[in-house]
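Undergrad: let me see the structure of the following:
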Amino acid sequence: MPYPLTVNGKPRSVDVDDDTPLLWVIRDALGMTGTKFGCGLGLCGACTVHLDGQPVRSCITPVSAAAGKRITTIEAVGATAAGKKIQEAWVALDVPQCGYCQSGQIMSATALLAAKPHPTDADIDAAMSGNICRCGTYARIRDGIKLAASGTKGG
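TA: Numbering: from 1, shown residues only. Below you'll find the model as predicted:
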């Protein structure tokens, strides 16, 4: 069944089953590979994208739930004010180690900063609790969010 989608501000249409996970639509049908497969159960956060500005786990979100909504992936999050700040902070602080989880980390951090421009430590903990980093870069992730929230360039 064809689904009309708005992905990174562009209208798209995909002909897939209604229960196809959004992750596979993004990666396979649309060819955008920045969103990563991690666990397939919505537990690790590697597949995080924004649906109408809210972070969702695309591996467990069926395409039918995304139809008619704005989907933002890691490929376009830097075009938003919060996304640009987060990406700049990540670069300034060398946040990633292996980098595999970082697209999901950035998507969750961007949603947090867009909703709460000056998050507390508790806000950061709550927003990032569903994102797992095998390399343990949690301190740098927190520092990156704080740097982005401060509005300074850092580095």
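Undergrad: relative to residue 91, how far out is residue 76?
TA: Residue 76 sits 17 Å away from residue 91, going by CB to CB, to the nearest Å. For the C-beta atoms, the positions are set from N, CA and C on the backbone; glycine is no exception.
Undergrad: the two: which is more packed in?
TA: Higher neighbour count among residue 76 and residue 91: residue 76, with 17 against 14, using other CB atoms under 10 Å.
Undergrad: pLDDT averaged over the helix or strand containing residue 139 - what is it?
TA: Taking DSSP states H and E as the definition, residue 139 sits inside helix 138-150. Average pLDDT, helix 138-150: 97.
Undergrad: same check on stretch 13-30?
TA: 97.
Undergrad: before we move on, what about stretch 52-70?
TA: Mean predicted lDDT for stretch 52-70 stands at 97.
Undergrad: extract the CA atoms of it and return them as CSV.
TA: Provided in CSV are the C-alpha atoms of stretch 52-70 (Å, rounded to 0.1, in the frame of the first residue of the first chain):
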residue,chain,number,x,y,z
ASP,A,52,6.4,15.7,14.4
GLY,A,53,9.4,16.8,16.5
GLN,A,54,9.1,13.9,19.1
PRO,A,55,11.8,11.3,19.3
VAL,A,56,10.6,7.8,18.4
ARG,A,57,12.2,4.4,17.9
SER,A,58,11.9,3.8,14.2
CYS,A,59,12.5,0.0,14.6
ILE,A,60,9.2,-0.5,16.3
THR,A,61,7.2,2.3,14.7
PRO,A,62,5.1,1.0,11.8
VAL,A,63,5.1,3.2,8.7
SER,A,64,1.3,3.4,9.1
ALA,A,65,1.9,5.4,12.3
ALA,A,66,4.1,7.9,10.4
ALA,A,67,1.8,8.6,7.5
GLY,A,68,0.8,12.3,7.4
LYS,A,69,3.5,13.3,10.0
ARG,A,70,6.8,15.1,9.6
